[in-house]
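1. what's the 3D shape of this:
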Amino acid sequence: MSITMHDVARLAGVSIKTVSNVVNDYPHIRPETRDRVSAAIEQLGYRPNLTARGLRSGRTGVISLIIPDLRNAYFAELADAVMRAADAQGLSVIIEQSGAERDREIGLLGGARKQKVDGILFSALALGEEDARILDEVTTPLVLLGERIFSGPNDHVTMHNTDGARAATAHLLSLGRTRIAVVGAHPGEVIGSAGLRLLGYREALAEAGIDYDDRLVGEVGGWFRSGGAEAMRRLLDSGAQFDGLVAFNDSMALGAMRVMQEAGLRIPADVAVIGYDDIDETRYTLPTLSTIDPGKDEIAEVAVRYLIERIADPDAAIAPREHLAAFRLVQRESSTVA
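-> Next up, the predicted model:
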C-alpha cells in the first residue's frame, strides 16, 4: 500500500496542511516542525505526488524524452529506465523519435509540443556544437543526453564512452588477443559515440604497444544487427586476420557473431568478442555476450533528477552540470578463456 500524506501527518503529529507546506517548501515553518515532518517522510519512504502538485502550479506532470530510434535496443532500454525513474517521482513520459534527422530534432524541441510538457530529456545525434544557439533558445527546462553537445547552459548526462571502449579493448588484450578488429566506426566522426569509442580502442592498443591498423576497422551506417553483419562480411572478404572483436554496441556484436559463426569461426576460441551497452538480450545469446554496462539506470535517474530541479525553479542560478555515469565490464562466454 502506498504511503500517503495522511500517514506522514499522523506519524509526525501534525496536520496534513503542515505536511503539505513542508513538501512544497513553504518558508514560514518552525525548524523543529520541519525536521519532524522530514524525519517522518524519510522513515515512511513517502514520495510526494509531483503530478498533483503540478496541477496547483499550472504544470502538466509530463516530460518528453527525445531519442533517435526505439529500434536500437539501447535507446529502448534507456526509455524504460527513464519511465521508471520518472514514475517514481509521479511524472509521465512522452517518447518522441527523431530518427537522427536534424530538422526533426529541431522541430521536436519547439512548436506546440513543448506546451504539453514541463521539461525535455534530449538525446541528439544530428545536432552538434555549431547548433548550440538552437538549444539556447529553448525556454522549456532541458537536460541533454549523449555526446553531441558539450557546452552551453544545459545540464548534460552521458557515459564514459572512451574509457568504456578502452576497457573493452584492454580486456581482449589481457586474454592474449593481439589482432583486434572493431565494428561500428563512422568515417570522420570525432564527437559522438562512434568517434569516442574508436578513440578508446586506439588508446588501449597504444598502451599495449600495438599499432593501429585501419584494415581492422569496420565502418557502418547504422548501429543495428545488419550494420554489424555487413561490416563483418567486409572484414572477412578482405582477408584480414583477427582474433578479437570490439563492437561499439551489442546489436552490432550480435550481427557480427552470426556472420562469423556462419563462416566457421568459433567464439571465443578463434575470435573473442565484446560489445557495449549490456542490453538484456546479451544474457541469452549463444554464446552469451561480454559487454560494457554503461550505467543506463544511473543516466536515467540523474537526468530525471536534474530535470525536476530545473522544472521546480527555472530561474534558479544553478550552473550547468555534467554527469558521467559509472560503467563496468561484464565478462561472459564470448570472451571466456577455456
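2. count the neighbours of Arg59 for me.
-> Close neighbours of Arg59, defined as other CB atoms under 10 Å, add up to 17. Every residue, glycine included, has its C-beta placed from N, CA and C.
3. right, and it touches Lys116 too?
-> No: the pair Arg59 and Lys116 does not pass the contact test of CB atoms under 8 Å, sitting 11.0 Å apart.
4. got the contact list for Leu216?
-> Taking CB atoms under 8 Å, 6 or more residues apart in numbering as the definition of contact, the neighbours of Leu216 are Arg179, Ile180, Ala181, Val182, Leu235, Ala240, Phe242.
5. give me the distance between Tyr26 and Arg34.
-> 9 Å (CB to CB, to the nearest Å).
6. more neighbours, those two?
-> Neighbours around Tyr26 and Arg34, counted as other CB under 10 Å, are more numerous at Arg34. The numbers are 16 against 12.
7. ok, that one - contacts?
-> Arg34 neighbours (CB under 8 Å, 6+ apart): Val22.
8. looking at this, it is in a helix?
-> Yes: under the criterion used here (DSSP: H, G, I helix; E, B strand; the rest coil), Arg34 sits inside a helix.
9. separation between it and Arg225?
-> Arg34 sits at a distance of 55 Å from Arg225 (criterion: CB to CB).
10. kindly report the same for Val14.
-> Remark: distance between Val14 and Arg225 (CB to CB) = 58 Å.
11. just the CA trace of the helix or strand harbouring Arg104, in CSV.
-> Of the helices and strands defined by DSSP states H and E, Arg104 is found in helix 102-109. Once non-C-alpha atoms are left out, helix 102-109 reads as follows in CSV (Å, rounded to 0.1, in the frame of the first residue of the first chain):
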residue,chain,number,x,y,z
ARG,A,102,18.5,17.4,-37.9
ASP,A,103,15.2,19.1,-38.9
ARG,A,104,13.1,16.7,-36.8
GLU,A,105,15.4,17.1,-33.8
ILE,A,106,14.9,20.9,-34.1
GLY,A,107,11.2,20.6,-34.6
LEU,A,108,10.7,18.4,-31.6
LEU,A,109,12.4,21.0,-29.4
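12. gap between that helix and the chain center?
-> Centroid separation between helix 102-109 and its chain, computed with CA atoms, centre = their mean, to the nearest Å, is 20 Å.
13. export the following helix or strand past it to PDB, keeping only CA atoms.
-> Remark: after helix 102-109, the chain's next helix or strand is strand 119-123, criterion DSSP H and E. Presented in PDB, the C-alpha positions along strand 119-123 are these (Å, rounded to 0.1, in the frame of the first residue of the first chain):
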ATOM      1  CA  GLY A 119      10.600  19.600 -19.400                       C
ATOM      2  CA  ILE A 120      12.600  17.700 -22.100                       C
ATOM      3  CA  LEU A 121      15.300  15.000 -22.000                       C
ATOM      4  CA  PHE A 122      17.000  15.200 -25.300                       C
ATOM      5  CA  SER A 123      19.400  12.700 -26.900                       C
END
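14. so for strand 119-123, what's the average pLDDT?
-> Across strand 119-123, the average pLDDT comes to 93.
15. list the buried residues in whatever helix or strand comes next after that strand.
-> Scanning forward in sequence from strand 119-123, with DSSP H and E defining helices and strands, the next element found is helix 132-136. Of the residues in helix 132-136, those scored as buried under the neighbour-count criterion (16 or more other CB atoms under 10 Å) are Ile134, Leu135.
16. what strands line up against the helix or strand following helix 132-136, and which way round?
-> Scanning forward in sequence from helix 132-136, with DSSP H and E defining helices and strands, the next element found is strand 142-145. For strand 142-145, the paired strands and their directions (DSSP bridges) are strand 119-123 (parallel), strand 155-159 (parallel).
17. hey, which of those strands is tucked in deepest?
-> Across those, the average number of neighbours (mean count of other CB atoms under 10 Å) peaks for strand 119-123, which reaches a mean of 26.
18. contacts made by that strand with the rest, please.
-> Strand 119-123 has contacts (CB under 8 Å, 6+ apart) with 63-68, 75, 78, 82, 105, 108-109, 114, 138, 140-146, 303-304, 307-308, 310-311.
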